[in-house]
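In: need coordinates for the below:
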Amino acid sequence: MAHPAPTSTAPPPGRRTAFAEGVDQVRAAATTEPGRLRIIGALLALLVVGFGAVTAWQTADRAAAADDVLHKSQPLSTAAADIYRSLADANTAASSGFLAGGQETAESRERYEDGIDTAAAKLVTAANNSDPGSPSAAAITKLNKLLPEYKGLVERARTYNRQGFPVGGAYLRYANQKMQQEMLPAAEDLYKKENQRLRDDYADATPYPWAAIALGVLALAALAWAQHRTYRRTHRVLNHGLVAATAAATVVLLWLVIGHSVARASLFESYDHGVRSLNVLHDARIASLKARGNENLTLVARGAETVKVGAETVDAYDHDFSADMGALAKGLSEARRLADDTAGGRPLQQAESNMAEWKKRHTAARAQDDNGNYEQALALVIGGEGATGECFDSVDDNLASALTHEQNEFRKAAGDGLDAMGGLPLGAAVLAVLGAAGAVLGIGRRLSEYR
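Out: A predicted model of the protein is given here:
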């Protein structure tokens, strides 16, 4: 059976393509003044509309990123820091309650439960906002698996401790090991990933929209040229339509440059005086919690855990306490450097004073313990007035106050940055359409003179 011959899409000999005919028509039109005016009007309208469209697109992207900074990535970064802090706080409260033995206070038990509950709630929030299969989701899954295991170890430690069995201390040390070596590193990994997401959102929100700016300058140059051309041929100073188009394009360009500059400055301020301070304060608060936990575990272990430092063998938990206090001192110093007002600096000064007193009382407690006076050492750590716990609570409260202040500073600056871009995408699109209409009407006015 014969197959039909393939059809050709090429034009028959002697016939030209529609594109070629269109080019010829444009060339023919360009030989007359009305034709040239029509081409100029079309190009001006296209430039102004293109400027508005690119401005709307680029500013909408940046506004969306700024909105994510304020309402998504930074709150999630804070939630990740809260997970870490809550876990460390629960671990500290567990060791304090263990030292109290059968006299564990309701306040200590409540603090432990609050830390566990807060961590669990923040994990739910983080899970709902993480992408399935992402590294953040993996860290959250790991923490959700480890949390009940840790709680089980703490409950066993408490049970045996109330019965006076020494094995309770071993269970608590094992729970602390799980916290320090598995849970807190996973929480820190989650915190770092959420901070990277926050930095990515800042990187998307702050770059200048150079494509829109360049198109705006080009559109204004073309409009100025068209008005100059009209003046040279008619000696009329103003063409109302072209003036209106120029005014609309100028407003959009100024709005774009000034609005984005203000937004950019506010976002940078929210990072420099908000996010950076928050990160340092979170680290300082975590260092104080870890120091308190290691101070308690020094008494729980009673020298059972040691580490070599040079040629000397020292208590492992007391060695870690010193390292944590060094990190706390460094964090407080950096936070004071970043604080830009008295309200932010005052609680940090108080925290430094509390930390200095804490170190003095800790030294006195260690001296009592080293001399075999365990009960006196215990009273200096978990007792009432004059104990190291009093200093720790003051440090923690002052750091919480500083965090609240810096969080408010961040929200204000980031909110100002978002507001500076508010309405710009829609406004640019509307003004661009009006500008294009003005250009077409202005050219149309000239065309009417040839009819």
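In: now the strands for the protein?
Out: Here the chain has its strands, by DSSP state E, at 306-309, 312-315.
In: what strands line up against the last one, and which way round?
Out: Sheet pairing for strand 312-315, assigned by DSSP bridges, gives strand 306-309 (antiparallel).
In: in the partner strand, what counts as buried?
Out: By neighbour count with 16 or more other Cβ atoms under 10 Å, strand 306-309 contains no buried residues. Placement of C-beta: from N, CA and C, glycine included.
In: with stretch 107-122 instead?
Out: Result for stretch 107-122 [16+ other Cβ under 10 Å]: buried residues Ser108, Arg109, Arg111, Tyr112, Gly115, Ile116, Thr118, Ala119, Ala120, Lys122.
In: stretch 307-319 too?
Out: Applying 16+ other Cβ under 10 Å to stretch 307-319 flags Asp315, Ala316, Tyr317, Asp318, His319 as buried.
In: so which of the residues you listed belong to helices?
Out: In this view, these that belong to helices under DSSP state H are Ala316, Tyr317, Asp318, His319.
In: wait, the last one touches Val309, no?
Out: Yes - because the distance of 6.4 Å satisfies Cβ atoms under 8 Å, His319 is recorded as touching Val309.
In: closest to Asp68 among the buried residues of stretch 107-122?
Out: Lys122 (18.9 Å; Cβ to Cβ).
In: that closest one contacts Arg85, correct?
Out: No - the pair Lys122 / Arg85 is not scored as a contact, 9.5 Å apart, by Cβ under 8 Å.
In: export the ones in helices among the buried residues of stretch 307-319 to TSV and tack on pLDDT and distance to Ala139?
Out: Formatted as TSV, those follow (pLDDT from 0 to 100; distance: Cβ to Cβ, whole Å):
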residue	pLDDT	distance to Ala139
Ala316	86	27
Tyr317	86	27
Asp318	87	31
His319	89	28
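In: in JSON lines, list these along with distance to Thr32.
Out: Written out in JSON lines, the entries for these read as follows (distance: Cβ to Cβ, whole Å):
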{"residue": "Ala316", "distance to Thr32": "93"}
{"residue": "Tyr317", "distance to Thr32": "93"}
{"residue": "Asp318", "distance to Thr32": "95"}
{"residue": "His319", "distance to Thr32": "92"}
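In: distance of the residue lying closest to Ala224 once chain neighbours are set aside from Trp225?
Out: Residue nearest to Ala224 in three dimensions, not counting chain neighbours: Thr246, with 7.2 Å by Cβ to Cβ, 6 or more residues apart in numbering. According to Cβ to Cβ, to the nearest Å, Thr246 and Trp225 sit 11 Å apart.
In: quick revisit: how about JSON lines for the buried residues of stretch 307-319, with distance to Arg62 added?
Out: Below are the buried residues of stretch 307-319 laid out as JSON lines (distance: Cβ to Cβ, whole Å):
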{"residue": "Asp315", "distance to Arg62": "54"}
{"residue": "Ala316", "distance to Arg62": "50"}
{"residue": "Tyr317", "distance to Arg62": "49"}
{"residue": "Asp318", "distance to Arg62": "51"}
{"residue": "His319", "distance to Arg62": "49"}
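In: tell me what the longest helix seen in the chain is packed against?
Out: Identified as the longest helix of the chain according to DSSP H is helix 33-68. Helix 33-68 sits against helix 18-29, helix 184-205, helix 210-234, helix 240-270, helix 388-420, helix 424-448, with contacts defined as 3 or more Cβ pairs under 8 Å, 6 or more residues apart in numbering; DSSP states H and E.
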